[in-house]
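1. Just a sequence and a predicted model for now, questions to come.
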Protein chains: 2
Amino acid sequence: MNERQRARRPGGRSARVGAQVHQAVTELISERGYGNFTVGEVAARAGVADSSVYRRWGSLETLLSEVALARLNAQSPMPDTGSLVGDLRTYAAQVAREITGPDGPAVLHLAFALSSSGQQGLQASEHLRAERTLQLQSMLDRARDRGEPALDAFDVLDHILAPMYIRVLFGMVPLTPDYIDGLVDRLL
Amino acid sequence: MNERQRARRPGGRSARVGAQVHQAVTELISERGYGNFTVGEVAARAGVADSSVYRRWGSLETLLSEVALARLNAQSPMPDTGSLVGDLRTYAAQVAREITGPDGPAVLHLAFALSSSGQQGLQASEHLRAERTLQLQSMLDRARDRGEPALDAFDVLDHILAPMYIRVLFGMVPLTPDYIDGLVDRLL
């Protein structure tokens, strides 16, 4: 590691504060729902100063968006199984596990609430979706480059993710493996 | 009209109270979001006594569910155009207009928030969905009886309604006529 890399590496304390703040936000969303807590309450639960939160994230909206994005990314790395059907089935199963888990509905409600919480929230939501869409499109483009059918990330949003999101939001769970594979097979 | 029908007809005052309370709930959801107001605040804005609201609806959850159901039904009667593609395109366009209107996102958030607001909310949400699913299935069964393809109401939920709901919740609007017709054509 050269000096430049060393200087840019997140410090141990900074990473620890980030993890504590993310955990505090996730807990408060589960307990109270989106919009029913303040930066001060996040900071108190995380054991850090309010000013640390404001300095690093700027606003509650930005912090919430980052938490949702980090959770979705951490729990759903994009698969690379060697086939499009394998990638999509694996990805869909990962998303299903994540959104039917204990914090899943909270993350979904957060992502959707952001879009309707003013201009800053809409931008944060667009940022979250843009990053996710790029990751998904990369997976689809690998398949196209192997000579498999070319799919658009928005087709996956509309016909694999949207049905699963809506069923979780309506409490129509569990999402069975047959149901999930059926969504993939219909799209292909 | 015979005496029995006359006796069962909702009185003018009862209907007026119902309309005032529904309007008050819709306004409070738009202004504050679901869960951020009380029965007392609904009653005050509607100009009725708290006890009138409790006597008629029992709880805030039941009232909120009824408001969402009434709005969805009033704004989306099931079409009967004589063809399945016509019915689905008309229905999808009606839903799109409704959920992209000023109160649309509030109604969607309400319907989804109900499912995660405890057992009573989940039951209210299931009741809302069951009634809507029956109406939709009747429209699909008419097409099947005419010799057109047999569709299941849950296919319409997954591949026409869910994508539109999710795009509205993410702020990915407008929903263009080409996009909406494309969802119908893909399902058929």
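-> Now that the structure is in, tell me what you want to look at. Residues are numbered from 1 along each chain as shown, chains lettered A, B, ... in the order given.

2. For the rest of this, base every contact and every neighbour count on C-alpha atoms.
-> Will do.

3. Correct me if wrong: A:Val85 contacts A:Leu183.
-> No. Counting by Cα atoms under 8 Å, A:Val85 does not reach A:Leu183; the two are 11.0 Å apart.

4. who has more neighbours, these two?
-> A:Leu183 (22 against 17; other Cα atoms under 10 Å in any protein chain shown).

5. Quick check: pLDDT value at that one.
-> Looking at A:Leu183, its pLDDT stands at 98.

6. and it, what does it touch?
-> For A:Leu183, the contact set (Cα atoms under 8 Å, 6 or more residues apart in numbering or on different chains) comprises A:159-160.

7. now stretch A:160-175: mean pLDDT?
-> pLDDT averaged over stretch A:160-175 gives 93.

8. tell me which residues in that stretch are buried?
-> Using 16 or more other Cα atoms under 10 Å in any protein chain shown as the test for burial, stretch A:160-175 gives A:160-171, A:175.

9. who's in contact with it?
-> A:92, A:95-96, A:99-100, A:105, A:108, A:180, A:183-184, A:187, B:111-113, B:115-116, B:122, B:125-126, B:157-159, B:162-163, B:165-166.

10. swap the cut-off to 6 Å and go again
-> For stretch A:160-175, contacts defined as Cα atoms under 6 Å, 6 or more residues apart in numbering or on different chains pick out A:183, B:112, B:115, B:158, B:162-163, B:166.

11. Likewise for stretch A:84-95?
-> Counting by Cα under 6 Å, 6+ apart, A:76, A:79-81, A:143, A:181 sit against stretch A:84-95.

12. wait, which of those is closest to chain B?
-> A:Asp181 (13.7 Å; Cα to the nearest Cα).

13. Identify the residue nearest that closest one in space, chain neighbours excluded?
-> A:Arg89 (6.0 Å; Cα to Cα, 6 or more residues apart in numbering or on different chains).

14. Could you report the neighbour count for the one you found?
-> Here the number of neighbours of A:Arg89 (other Cα under 10 Å) works out to 22.

15. show me the contacts for A:Thr187.
-> For the record, residue A:187 is Leu, not Thr. With Cα under 6 Å, 6+ apart, A:Leu187 has no contacts at all.

16. Which per-residue confidence value corresponds to A:Arg144?
-> pLDDT, A:Arg144: 97.
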